[in-house]
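Peer 1: the amino acid sequence is not available; the structure is as follows:
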């Protein structure tokens, strides 16, 4: 038997050996190791081995009610942001998938341009809109819906709304990609067979778009878990999330081991959620092909 050639990777029409591919990726891998893996490993090491081998810091995170409330609040806000982003993203992605030419270009620009704007700038824009004498309060008073300015800023609702706006492109693009891949003949065939619009959506469009929905929900939820700037500026101390708590432990309390424990808990949850979503998508494809 002839010796089996090592597999090669294709890039830009050229095929590269595994060694050449690794050499090309080495600068990126080195950068990731220096700015991400090394600091993360240092924090996790301090959470487990400072001042001695212990799990006390992890137990403290679950034993003290204030820290447990912060973690539960983080999960609740991330879930609300994901749900709101999905509700806003689906119509946008649907219209984009049915648009052509200039209309599609304008819609794509409306989705992509915010990604080129700083998160800090967009957060301050929401602060201007929601402040006591901001645009929203003035509009409500002019319409006669309120007699005096109401408290909109520094609330959980403001945090959810602003975060959903910032993360909306990460929900729109995967759903648009999935909807764009659905042949137009499928919904048309379902309607010709007597299916109602709701039945067509439920039995044809939604199952085929589910991988995109799952990817978008996963990205938005995971990004929302670690969001820092928007909750810190719009929410304030009452809406503190786990990223703000980690920053407080590092910058103000100088408690690096406990901050590392919080990071470790968040990391374990993120990895578990990612594996769960991956398994759910595989199960959905298996059931769909059965």
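Peer 2: Done, it's in. Bear in mind that the values here come from a model prediction, so they are computed numbers and not experimental data.
Peer 1: could you list the domains of this protein?
Peer 2: 18-54, 65-287 (automatic domain parsing).
Peer 1: quick check: buried residues in the shortest one?
Peer 2: Read that as domain 18-54. For domain 18-54, the buried set under the neighbour-count rule, 16 or more other Cβ atoms under 10 Å, comprises 21, 43, 46, 47, 48. The way it works is simple: take the backbone N, C-alpha and C, and place the C-beta from them, glycine included.
Peer 1: turn the domains of the chain into a markdown table, columns for mean pLDDT.
Peer 2: Output for those, formatted as a markdown table (pLDDT from 0 to 100):
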| stretch | mean pLDDT |
| --- | --- |
| domain 18-54 | 86 |
| domain 65-287 | 88 |
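Peer 1: among those, which is the most enclosed?
Peer 2: Highest mean neighbour count among the domains of the chain (mean count of other Cβ atoms under 10 Å): domain 65-287, with a mean of 16.
Peer 1: can you give me the helices for the stretch 1-150 of the chain?
Peer 2: Per DSSP state H, counting those that start in this stretch, the stretch 1-150 of the chain carries helices over the ranges 18-32, 38-49, 56-63, 65-97, 101-112, 119-130, 135-142.
Peer 1: of those helices, which is nearest residue 218?
Peer 2: Nearest of the helices of the stretch 1-150 of the chain to residue 218, taken as Cβ to Cβ: helix 65-97 at 8.8 Å.
Peer 1: show me what that closest one is packed against.
Peer 2: Judged by 3 or more Cβ pairs under 8 Å, 6 or more residues apart in numbering; DSSP states H and E, the packing partners of helix 65-97 are helix 56-63, helix 101-112, helix 156-180, helix 206-225, helix 242-251.
Peer 1: touching the second one from outside, list them.
Peer 2: Residues outside helix 101-112 that contact it (Cβ atoms under 8 Å, 6 or more residues apart in numbering) are 92, 95, 96, 99, 168, 169, 172, 173.
Peer 1: over to stretch 44-63?
Peer 2: 67-68, 71, 256-265, 267.
Peer 1: CSV for those residues, including secondary structure and distance to residue 248?
Peer 2: Formatted as CSV, the contacts of stretch 44-63 follow (DSSP: H, G, I helix; E, B strand; the rest coil; distance: Cβ to Cβ, whole Å):
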residue, secondary structure, distance to residue 248
67, helix, 11
68, helix, 16
71, helix, 14
256, helix, 12
257, helix, 14
258, helix, 10
259, helix, 9
260, helix, 14
261, helix, 14
262, helix, 10
263, helix, 13
264, helix, 17
265, helix, 16
267, helix, 19
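Peer 1: of all pairs in those, which one spans the longest distance?
Peer 2: 68 and 256 (20.7 Å).
Peer 1: if we can go back for a sec, of the contacts of helix 101-112, which is the nearest to residue 179?
Peer 2: residue 96 (7.9 Å).
Peer 1: and the closest one, how far from residue 187?
Peer 2: Distance, residue 96 to residue 187, using Cβ to Cβ, to the nearest Å: 16 Å.
Peer 1: before we move on, what about residue 240?
Peer 2: 46 Å.
Peer 1: what does residue 109 give?
Peer 2: 27 Å.
Peer 1: cool, thanks, signing off.
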